[in-house]
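Undergrad: Have a look; sequence and predicted model below, questions after that.
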Number of protein chains: 2
Amino acid sequence: MKQLSECTIGISGLGLMGGAIAAALRGRCGIERGHLFACDIDKQTLARAANEGLIAQGFALEAADEMLGACDVVFLCLNPSALIRFAGDNESSFKSGALITDIAGVKESIARRVQDFRADIDFIPGHPMAGAEKGGFANAGLCDFSGKNYILTPLARNKPENLAFLKSLIYRMGFGRITEVSPAEHDQKIAFTSQLCHVIAAALIDCEGDTAITRFGGGSFEDLTRIAMLNAPMWTELFIENRDALLARVSSFETSLDALKALIAAPDAAGLEALLAAVRVRREAMNR
Amino acid sequence: MKQLSECTIGISGLGLMGGAIAAALRGRCGIERGHLFACDIDKQTLARAANEGLIAQGFALEAADEMLGACDVVFLCLNPSALIRFAGDNESSFKSGALITDIAGVKESIARRVQDFRADIDFIPGHPMAGAEKGGFANAGLCDFSGKNYILTPLARNKPENLAFLKSLIYRMGFGRITEVSPAEHDQKIAFTSQLCHVIAAALIDCEGDTAITRFGGGSFEDLTRIAMLNAPMWTELFIENRDALLARVSSFETSLDALKALIAAPDAAGLEALLAAVRVRREAMNR
C-alpha cells in the first residue's frame, strides 16, 4: 500500500457513518480534498459534500465504477443488503490492489460474500462502534469517534500489511481501541451489546403510549430509550440477519428478568439485594 | 411561612441527595450557613460537611430532636423504611408550623404514614428526579438539578401557602419542572420511568458474565446499564414497596418484547420495520 497521503479514497454511501468517516479522513487524517471521492444514491448529498469542500467529486451509484477504478482504499458505508449487492455488482470495478472495508453491524454474512472476491483486492470487514440516534449525512457531525471501539473481523486471506495500514488509519480517525475477532464472535457479542439493547429500547417505547411520560423522567428512561430513535430499515436488516444470535440473547435476558421478577414478587428482600449488589460489582468491573 | 432567608432548614440524611440539596440551598438559594443543619448516622460525614462550611452543625440521629425543634423546613433524605421510622420516632420533635418534605422514590406508603401527622406540621411528599449512579455524600456533586423534573404528591391537608413556598424553593434549587400528582399516580408512572428501567439494566448485567464485553460497546450497552451501578439496599426497598405497579409494568414490557421477538423470528421484515418506525416517531414525540 502507498503512503496514506498518496492514497485516493472512495466512500460508497455518504450517510451518517460515511459522512463521519469522510470528515475524519479530511480532518484528523489530513487527506487532501483531491484524494477523496464518494458515491451515493442521493445527488443532493453529493453536491452538498462537494460544495462544502469535503470531497473532490461525487458519483451516482450507476457511475460507481468510475470512482472505484481510481481508489486505493474504499469504505463501503451502506446497509448490509445494499452493501452486499453493491460489492457484487461492482466486483470487477475495484482497482487492482485496493483495500476495501465496510461498516456493517453484522459480519458473518459480509465475510461469506467477500471471501471469494477477486484475488487482487483485499476486503477487510469492519464495524466502527460509533453511531448516533439521528441518521443521514446532515447528522454526521453527531458521530464522535474519539476513544470509541472499532471491531475488525479479518479474513485469512487478508494481507498483514493492509491490515496494519487499516488499523493505523482507524486510530488516526480518532478511535481508541481496535478488537480483532472472527465474524461469528462479532455477531455473538454485538447481538448483546448493540442489537439486544435496541430491541429492549424499542419494547420500552412500544409498551407506553403516554408521550407526556417524560414529566416523570429522571434520566434512566431517557438513557434507556434514546436509541429507540433508530433507523428502522437498517435495524430491521441487522435484527433479521443476526436473528439466531439475537433471539438467544433475548432469551438469556428474559431468564435474568424472570429471576428478578420472582425475587420482587416473593418478596425476597435479602435475595434481591444480594443480586443487585452483585450486578453493581459486575457493572463497575465492566468500566474499562 | 417566614421569608426563605429567615428560615432555619434541617436535612435528615446527608447522603447523595441530602448532600446535593444542602449544596443547592447554600449555593443557588443563598441560605446562610448558620441556617442549615443536618443529622445523619455517619458522624464523619457530618464533621466533613461542617468543616467544609456547608452546614452550621451536625447532629447524631439520637439527637435529631434538638435539630428538628429549631427547623422551619425539614428535608427527609432517607431510604423509605428509614424515613418512615424516623418521621414516626420524631413526630413530637418537629417545630410547630414546620414544613416537612421528603425525597423517597415511592409515595403511597409515605403519604399513608404522614397523612395523620400532627395537625400543626405540614408534610408535603416529594420526589426530586435527579439521582446519580454513585451514592453517598462524597458523590453529591454528581447530582445536577438544572432543568430536572421534581414530582410533588400534595396531601389534601397541605396548606396552599406552604405548597407555593416549597415549589418556589424547588425552582430556586435549579429544577426545571414540577409535576403535581396523586401518590398513586406517582407510583404508577415511576414504576415505568425509573423502576422498570433499573430492573432491565440489572437483568442485562445479570445475563452477561464477560466483563470484557465493553470492547464491543458502542454506547447503547453503556447507556442502558449505567444505572445498574445502583444502591442495592435502596432499590430493593423501592422495588418491593411498589411491587404491584412494577410487576405490571414488567409484564407490559414483556408483551412488547414478545411482539418484537415474533417479528424477528418469523422473520417479518415489513412488520418489524413498521413497528420500529412507529417506535421512533413515539420516542421523538417524548422529547419535551
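TA: Yes, it's here.
Undergrad: Could you pull up the residues touching residue A:104?
TA: Counting by Cβ atoms under 8 Å, 6 or more residues apart in numbering or on different chains, residue A:104 touches A:76, A:78, A:79, A:80, A:83, A:110, A:125, A:127. In this view, the C-beta of every residue, glycine as well, is placed from N, C-alpha and C.
Undergrad: Quick one: list the elements packing against the strand or helix carrying residue A:284.
TA: Per DSSP states H and E, residue A:284 falls inside helix A:269-286. For helix A:269-286, the packing partners by 3 or more Cβ pairs under 8 Å, 6 or more residues apart in numbering or on different chains; DSSP states H and E come out as helix A:243-265, helix B:197-206, helix B:232-241.
Undergrad: Out of the ones you listed, which one sits most buried?
TA: Of all the helices and strands packed on helix A:269-286, helix B:197-206 has the most neighbours on average by mean count of other Cβ atoms under 10 Å in any protein chain shown, namely a mean of 25.
Undergrad: Looking at the stretch 151-288 of chain A, which residue is nearest chain B?
TA: Residue nearest to chain B within the stretch 151-288 of chain A: residue A:218 (3.1 Å; Cβ to the nearest Cβ).
Undergrad: where do the helices sit along the stretch 1-150 of chain A?
TA: Assigned by DSSP state H, counting those that start in this stretch, the helices in the stretch 1-150 of chain A fall at A:16-26, A:43-51, A:64-68, A:80-89, A:108-114.
Undergrad: Which positions in the fourth one come out as buried?
TA: Across helix A:80-89, burial judged by 16 or more other Cβ atoms under 10 Å in any protein chain shown covers A:80, A:81, A:82, A:83, A:84, A:86, A:87.
Undergrad: Closest one of those to residue A:251?
TA: Distance to residue A:251 across those (Cβ to Cβ) is lowest for residue A:80, with 23.5 Å.
Undergrad: was I right about that closest one contacting residue A:239?
TA: No: Residue A:80 is beyond contact range of residue A:239, at 11.0 Å (criterion: Cβ atoms under 8 Å).
Undergrad: for the stretch 151-288 of chain A, which spans come out with low pLDDT?
TA: Scanning the stretch 151-288 of chain A for pLDDT under 70 picks out the ranges A:288.
Undergrad: In terms of residue numbering, what are the domains of chain A?
TA: Structural domains assigned to chain A are A:4-181, A:186-286, following automatic domain parsing.
Undergrad: Give me the nearest residue to residue A:177, chain neighbours excluded.
TA: Spatial nearest neighbour of residue A:177, chain neighbours left out: residue A:149 (5.2 Å); criterion: Cβ to Cβ, 6 or more residues apart in numbering or on different chains.
Undergrad: What does the pLDDT read for that neighbour?
TA: Confidence at residue A:149, expressed as pLDDT, is 97.
Undergrad: any idea how far it lies from residue B:199?
TA: 27 Å (Cβ to Cβ, to the nearest Å).
Undergrad: got it, and residue A:121?
TA: From residue A:121 across to residue B:199, the span is 49 Å (Cβ to Cβ).
Undergrad: before we move on, back to that, rebuild the helices and strands packed on helix A:269-286 as a markdown table, extending it with distance to residue A:136.
TA: Converted to a markdown table, those look like this (distance: least, Cβ to Cβ, whole Å):
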| stretch | distance to residue A:136 |
| --- | --- |
| helix A:243-265 | 25 |
| helix B:197-206 | 29 |
| helix B:232-241 | 39 |
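Undergrad: circling back to that earlier point, which of the buried residues of helix A:80-89 sits closest to chain B?
TA: Closest to chain B, out of all of those and judged by Cβ to the nearest Cβ, is residue A:81, at 10.0 Å.
Undergrad: How about the contacts made by the closest one?
TA: By Cβ under 8 Å, 6+ apart, the neighbours of residue A:81 are residue A:237.
Undergrad: again with the one 10 residues further on
TA: Residues in contact with residue A:91 (Cβ under 8 Å, 6+ apart) are A:117, A:118.
Undergrad: With residue A:246 instead?
TA: Neighbour list for residue A:246: A:191, A:195, A:196, A:199, A:239, B:264 [criterion: Cβ under 8 Å, 6+ apart].
Undergrad: just curious, which of the residues you listed is nearest to residue B:182?
TA: Once Cβ to Cβ is applied, the member of the contacts of residue A:246 that ends up nearest residue B:182 is residue A:199, at 33.6 Å.
Undergrad: how close does the closest one sit to residue B:279?
TA: Counting by Cβ to Cβ - residue A:199 and residue B:279 are separated by 10 Å.
Undergrad: Check residue A:167 too.
TA: 36 Å.
Undergrad: Who has more neighbours out of the two?
TA: residue B:279 (25 against 18; other Cβ atoms under 10 Å in any protein chain shown).
Undergrad: State which one residue of the stretch 51-200 of chain A is found closest to chain B.
TA: Per Cβ to the nearest Cβ, residue A:129 is where the stretch 51-200 of chain A lies closest to chain B, at 3.1 Å.
Undergrad: I am assuming that residue contacts residue B:214, so please confirm or correct that.
TA: No: taking contacts as Cβ under 8 Å, residue A:129 lies outside contact range of residue B:214: 10.1 Å.
Undergrad: Name the residues of the stretch 51-200 of chain A found near chain B, please.
TA: Within the stretch 51-200 of chain A, the positions near chain B by Cβ under 8 Å from any Cβ of the partner chain are A:129-131, A:148-149, A:151, A:177, A:179, A:186, A:189-190, A:192-194, A:196-200.
Undergrad: Just give the closest residue to residue A:25, not the sequence neighbours.
TA: Sequence neighbours aside, residue A:31 is the residue nearest to residue A:25 in space, at 4.4 Å (criterion: Cβ to Cβ, 6+ apart).
Undergrad: Could you pull up the residues touching residue A:157?
TA: Listed by Cβ under 8 Å, 6+ apart, the contact set of residue A:157 reads A:115, A:122.
Undergrad: gap between the two ends of stretch A:9-25?
TA: Distance between the two ends of stretch A:9-25: 9 Å, counting by Cα to Cα, to the nearest Å.
Undergrad: burial count for the residue nearest to residue A:25?
TA: Applying other Cβ under 10 Å, we find 21 residues neighbouring residue A:31.
Undergrad: What pLDDT is listed against it?
TA: 97.
Undergrad: and it, backbone torsions?
TA: phi -70, psi 130 (degrees, to the nearest 10).
Undergrad: separation between it and chain B?
TA: 24 Å (Cβ to the nearest Cβ, to the nearest Å).
Undergrad: what's near enough to touch that residue?
TA: Under the criterion of Cβ under 8 Å, 6+ apart, the neighbours of residue A:31 are A:4, A:5, A:7, A:9, A:25.
Undergrad: go with 10 Å
TA: Residues in contact with residue A:31, defined by Cβ atoms under 10 Å, 6 or more residues apart in numbering or on different chains, are A:4, A:5, A:7, A:8, A:9, A:22, A:24, A:25, A:73, A:169, A:172.
Undergrad: so the fourth one makes contact with residue A:34?
TA: Right, the one you point to is residue A:8. Yes: Residue A:8 lies in contact with residue A:34 (Cβ atoms under 10 Å); the separation is 8.6 Å.
Undergrad: out of the two, which sits in the busier spot?
TA: residue A:8 (20 against 10).
Undergrad: residue contacts, that one?
TA: Residues near residue A:8 by Cβ under 10 Å, 6+ apart: A:2, A:31-32, A:34-37, A:56, A:67, A:70-74, A:95, A:98.
Undergrad: which one of those is nearest residue B:140?
TA: Nearest member of these to residue B:140, counting by Cβ to Cβ, is residue A:31, at 46.9 Å.
Undergrad: Out of the helices of the stretch 1-150 of chain A, indicate the one that is most buried.
TA: It is helix A:16-26: most buried of the helices of the stretch 1-150 of chain A by mean count of other Cβ under 10 Å, with a mean of 24.
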